[in-house]
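**Q** Dropping a prediction and its sequence here:
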Amino acid sequence: MKHASKIAMAALLAAGAMTMTAKPASAYIACNGEGECWHVHHRYAYHPEFGVVVHPDRWRWRHEENYRWREHPGRGYWRGGVWIPF
């Protein structure tokens, strides 16, 4: 019983140490000129002709603005309702 308690305590301490050293996930919000927005995990250098603006994760559009979420896995951008990978 003592051995099991020691193992449980060691596991608990290890989990606590990992939690304290973990970095928060950084994310950004990318939006195109058509009002389509999606999350990105890196601040990609979108070509100006893509018309994509990257905002901090805390950014929110105002009530009178017309944006919509369009999530998609992987790298790319939305154009005309179509996901363009790169």
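**A** Received the coordinates, thanks.
**Q** Next, the contact list for residue 77, please.
**A** Contacts for residue 77 (C-beta atoms under 8 Å, 6 or more residues apart in numbering) come out as 30, 32, 46, 50, 52, 83-84, 86. Placement of C-beta: from N, CA and C, glycine included.
**Q** Specify which member of these is nearest to residue 40.
**A** residue 30 (5.0 Å; C-beta to C-beta).
**Q** Per-residue pLDDT of the closest one, please?
**A** pLDDT for residue 30: 95.
**Q** buried subset of the contacts of residue 77?
**A** 30, 32, 46, 50, 52 (16 or more other C-beta atoms under 10 Å).
**Q** Could you save the residues you listed as CSV and add columns showing secondary structure and distance to residue 39?
**A** As requested, those are arranged in CSV below (DSSP: H, G, I helix; E, B strand; the rest coil; distance: C-beta to C-beta, whole Å):
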residue, secondary structure, distance to residue 39
30, strand, 8
32, strand, 14
46, coil, 14
50, helix, 17
52, strand, 13
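**Q** now, among these, which is nearest to residue 74?
**A** The closest of the buried ones among the contacts of residue 77 to residue 74 turns out to be residue 30 (C-beta to C-beta; 12.9 Å).
**Q** Let me know whether the closest one touches residue 40 as I believe.
**A** Yes: between residue 30 and residue 40 there is a contact under C-beta atoms under 8 Å: 5.0 Å.
**Q** list residues touching both of these two?
**A** In contact with both residue 30 and residue 40: residue 54, using C-beta under 8 Å, 6+ apart.
**Q** just the contacts of residue 77: which has the poorest pLDDT?
**A** For the contacts of residue 77, the least confident entry is residue 86, with 85.
**Q** Tell me the spacing between that residue and residue 58.
**A** Remark: distance between residue 86 and residue 58 (C-beta to C-beta, to the nearest Å) = 26 Å.
**Q** repeat for residue 73
**A** 22 Å.
**Q** again, but for residue 39
**A** Computed as C-beta to C-beta, the residue 39 to residue 58 distance reads 12 Å.
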